[in-house]
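kindly generate the corresponding structure for this input.
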Amino acid sequence: MNRISPTVKQLLIINVIFYFGSTFSLNIDFIYSLFSLHFPENPEFKFWQLITHMFMHGGILHLAFNMFALWMFGSAVESIFGSRRFLFFYLTCGFGAAIAQISFLYYSFYSNLELLISSGYDQQLIINLLMEGKYNSNWVNILGSEGLMSLNTSFLSTMVGASGAIMGILVAFGMFFPESKLMLLFFPVPVKAKYFIPGIILLDLFSAITGQAIFSPSNTAFVAHLGGALTGFLIMYYWKRNQFNQNRWY
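Predicted structure coming up:
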C-alpha cells in the first residue's frame with residue numbers, strides 16, 4: 001500500500017472535516033451557499049469560493065472517490081515535488097479549474113442574456129427574476145427551451161469538489177510515471193498512464209462538448225476538469241523547461 005505523504009494527508013483530513021462539518025451543521029444550506037463556487041454575477045458569489053469550493057463535496061461517494069484519487073496519485077507526485085511545491089500545484093490546478101468553469105458559464109450566460117436585452121428586456125429585471133428562481137414565459141420564444149435552461153442554470157450554478165485539482169495531479173503523475181499501469185474499477189484492464197490519463201481527459205472533452213456523461217454523473221463540471229488538467233500541464237511544462245534554473249521542479 002502506498003505511503004501517504006504529509007501534504008496529501010493534511011488535504012485528506014481537511015476535506016473530511018469540511019464534509020462532515022457541513023453535513024452535520026445546523027444550517028447545511030447556509031454552509032454550502034457560503035463555500036460552494038457560485039457564478040460571479042450571482043450575489044451569492046464570494047471571492048474565497050474560488051478556493052473553498054475544492055474542499056466541499058456533494059455526497060459521501062463524491063468525497064470518497066476524490067480522496068481515493070488524491071491518495072493514489074498525490075503521494076507519488078508529492079514525493080517528487082516536495083510539500084510546498086505540491087500544495088502550490090494542487091491549489092493552482094483547483095483555481096484553474098474554477099476559472100475555466102466560470103469562463104464557460106460567462107459565455108453561456110451572456111450569449112443568452114444579450115439576446116434578451118436586444119429584444120428589449122432590462123438586464124437588471126432579468127437578473128432579479130433569476131434570483132427569485134423565476135423567468136418570463138416569453139423568453140422561451142427568444143432563446144428556445146435549451147437557451148432558457150442554459151441562462152437559468154448558468155446564473156444559479158454552484159460547483160463543489162476537488163476534481164479539478166486532482167485532474168492536475170493526474171497530469172503530473174502521467175508525466176512523471178508514464179509507464180505505470182492504471183485501470184478503472186469497472187474496466188479492469190491495465191493501461192499505461194501515458195495512454196490512460198489522456199483518455200480520461202478526452203472523455204471529459206467529449207462530455208463537455210456534447211453534454212453526454214459517460215462514466216460520471218450528469219451534473220459533473222467537465223469544463224472544470226479540463227481546466228484543472230490544462231493548468232497542471234502548463235505548470236509542468238514550464239517547470240520542466242526551466243528545470244536547470246531557479247524555477248526547477250525538484
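
C-alpha from now on. contacts and neighbour counts both.
Noted.

who touches stretch 225-239?
89, 92-101, 163-172, 201, 204-205, 247-249 (C-alpha atoms under 8 Å, 6 or more residues apart in numbering).

so which bits of the biggest helix by length in the chain are buried?
For the chain, the helix with the greatest residue count under DSSP state H is helix 83-118. Within helix 83-118, the residues scored as buried using 16 or more other C-alpha atoms under 10 Å are 83, 86-87, 89-102, 105-106, 108-109, 112-113, 116.

likewise for stretch 139-152?
In stretch 139-152, counting by 16+ other C-alpha under 10 Å, buried: 139, 143, 147-148, 150-152.

dump the helix or strand hosting Ala229 to PDB, restricted to CA.
For Ala229, the host element (DSSP states H and E) is helix 222-241. Extracted in PDB, the C-alpha atoms of helix 222-241 (Å, rounded to 0.1, in the frame of the first residue of the first chain):
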ATOM      1  CA  PHE A 222     -16.500  18.700 -17.200                       C
ATOM      2  CA  VAL A 223     -15.100  22.100 -18.200                       C
ATOM      3  CA  ALA A 224     -13.600  22.400 -14.700                       C
ATOM      4  CA  HIS A 225     -11.900  19.000 -15.100                       C
ATOM      5  CA  LEU A 226     -10.400  20.200 -18.400                       C
ATOM      6  CA  GLY A 227      -9.300  23.500 -16.800                       C
ATOM      7  CA  GLY A 228      -7.500  21.700 -13.900                       C
ATOM      8  CA  ALA A 229      -5.800  19.300 -16.400                       C
ATOM      9  CA  LEU A 230      -4.700  22.200 -18.600                       C
ATOM     10  CA  THR A 231      -3.400  24.200 -15.700                       C
ATOM     11  CA  GLY A 232      -1.500  21.200 -14.400                       C
ATOM     12  CA  PHE A 233       0.000  20.600 -17.900                       C
ATOM     13  CA  LEU A 234       1.100  24.300 -18.300                       C
ATOM     14  CA  ILE A 235       2.800  24.300 -14.900                       C
ATOM     15  CA  MET A 236       4.500  21.000 -15.600                       C
ATOM     16  CA  TYR A 237       5.700  22.200 -19.000                       C
ATOM     17  CA  TYR A 238       7.000  25.500 -17.500                       C
ATOM     18  CA  TRP A 239       8.800  23.800 -14.700                       C
ATOM     19  CA  LYS A 240      10.300  21.100 -17.000                       C
ATOM     20  CA  ARG A 241      11.600  23.700 -19.400                       C
END
